[in-house]
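Peer 1: Need the 3D shape of this:
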Amino acid sequence: MAKKSLSIILEDGSIDNVELLFAFEFNDTKREYAVYTRNETDDNGNITIYVSSVIREGENVKLGGISTDEEWTRIKDVLRELSKKQ
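Peer 2: This next block holds a predicted model:
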């Protein structure tokens, strides 16, 4: 599978190139999320991943935060299920 890269414009105007791992949407809320990495590793050698909400404004797409603990719990459940399939 080909790697998909994204260029993210940060708040300070700098550009960060990241690798999109996957995206998903919850059917009930219609909220979309992107899971991506900068290919950084932690002290244990695990790759650090990031999750952001996807905000569509016409042709523009922005990444946003995760606003509630319930939302985080649901996202972590998705990540756990996907890790079991690996």
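
Peer 1: so where does the most centrally placed residue in the chain fall, helix or strand?
Peer 2: Closest to where the C-alpha atoms of the chain average out (C-alpha atoms, centre = their mean) is residue 35, at 2.4 Å. Residue 35 is part of strand 32-41 when elements are defined by DSSP states H and E.

Peer 1: Could you pull out the buried residues of that strand?
Peer 2: Neighbour counts over strand 32-41 (16 or more other C-beta atoms under 10 Å) mark 33-36 as buried. Quick note: C-beta positions are derived from backbone N, CA and C, even for glycine.

Peer 1: what's the answer for stretch 8-22, then?
Peer 2: Neighbour count says stretch 8-22 has 8, 18, 21 buried, by 16+ other C-beta under 10 Å.

Peer 1: of the buried residues of strand 32-41, closest to residue 63?
Peer 2: Using C-beta to C-beta, residue 34 comes nearest to residue 63 of the buried residues of strand 32-41, at 6.4 Å.

Peer 1: Name the SS class of residue 79, please.
Peer 2: Per DSSP: H, G, I helix; E, B strand; the rest coil, the secondary structure class of residue 79 is helix.

Peer 1: which residues touch the residue nearest to residue 34 when sequence neighbours are not counted?
Peer 2: Spatial nearest neighbour of residue 34, chain neighbours left out: residue 23 (4.9 Å); criterion: C-beta to C-beta, 6 or more residues apart in numbering. Applying C-beta atoms under 8 Å, 6 or more residues apart in numbering, we find residue 23 in contact with 32-35, 54.
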